[in-house]
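S.K.: Prediction below, plus the sequence it came from.
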Amino acid sequence: MRAVEDDRTLGIKVMKLSRLLRLRFDRRARALGLTRAQWQTIACVRRQPGATQRQVAELLEVGEVTVGRSIDKLVEAGWVERRAAPADRRAHRLWLTAAIEPLIGELTRIGEAEEAAALAGLGAAERAALHAMLDRIAANLDGDAVEGPACGPEDQDSGAR
C-alpha cells in the first residue's frame, strides 16, 4: 500500500488552514485578554442567542464543565448573562450583554484583518470562486452531518461576527 501524501488531501489542507487561522486569531485575541475558549464561546452565543450551556458545549464540541468555566469568566466580566429558561428551571439561557459590544467590534476587526491576510494576492473573482467552491463542498457534506452547524472558528468568516 502506497503512503498518502498528507499535503495533497483536502482534509489535511483544510485542517492545516483551520489551525493556522485559529492560531493567528488566538494570538491577537490574547492581546485583548481572551482565551480561545472564551472567544469561541462569545462567537457561539452571538450566533445562537439564548442557547443553553449544554447547547454551546455541543456546538463547540467540548464538555459542559469546560464551557461552563469560560461562561463563568464571561459572566464575571459582565459580557454574558445567564437567564433562567422558562420551560426548565434547571437550565439557563445565555445572552451577550451590551457591555460586550466594544469587544465584539475588536474581535470583528481581528477577524477581518486575518481574512484579508489569508486571502492576500487573490483577486475579487478568485475570492468569489473560492467562497463558491467552499460553499459547494460544505453543501456536499452537509447531508451526512450528524450535528448542526458549529459556531467555533471554523464556522466564522471573520472573527466573532
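M.R.: Here it is on my side, so go on.

S.K.: Now for residue 79, how many residues are close by?
M.R.: A count of neighbours around residue 79, defined by other CB atoms under 10 Å, yields 22. Where you see a C-beta, it was placed from the backbone N, CA and C, and this is true even at glycine.

S.K.: Would you agree it is in contact with residue 42?
M.R.: Yes: contact criterion CB atoms under 8 Å: residue 79 and residue 42 qualify, at 6.9 Å.

S.K.: what sits in contact with each of the two?
M.R.: Common contact partners of residue 79 and residue 42 (CB atoms under 8 Å, 6 or more residues apart in numbering): 96, 100, 103.

S.K.: ok so the last one is a helix residue?
M.R.: In other words, residue 103. Yes: under DSSP: H, G, I helix; E, B strand; the rest coil, residue 103 sits within a helix.

S.K.: how deep is it tucked in, by neighbour count?
M.R.: For residue 103, using other CB under 10 Å, the count is 19.

S.K.: tally of neighbours for residue 38?
M.R.: Residue 38: 20 neighbours (other CB under 10 Å).

S.K.: check contacts around it.
M.R.: So residue 38 contacts 70, 73, 74 (CB under 8 Å, 6+ apart).

S.K.: Using the three-state scheme, assign it.
M.R.: Recorded secondary structure, residue 38: helix (three-state DSSP).

S.K.: now the contacts of residue 38 in JSON lines, with neighbour count and secondary structure?
M.R.: Below are the contacts of residue 38 laid out as JSON lines (neighbours: other CB atoms under 10 Å; DSSP: H, G, I helix; E, B strand; the rest coil):
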{"residue": "70", "neighbour count": "25", "secondary structure": "helix"}
{"residue": "73", "neighbour count": "16", "secondary structure": "helix"}
{"residue": "74", "neighbour count": "24", "secondary structure": "helix"}
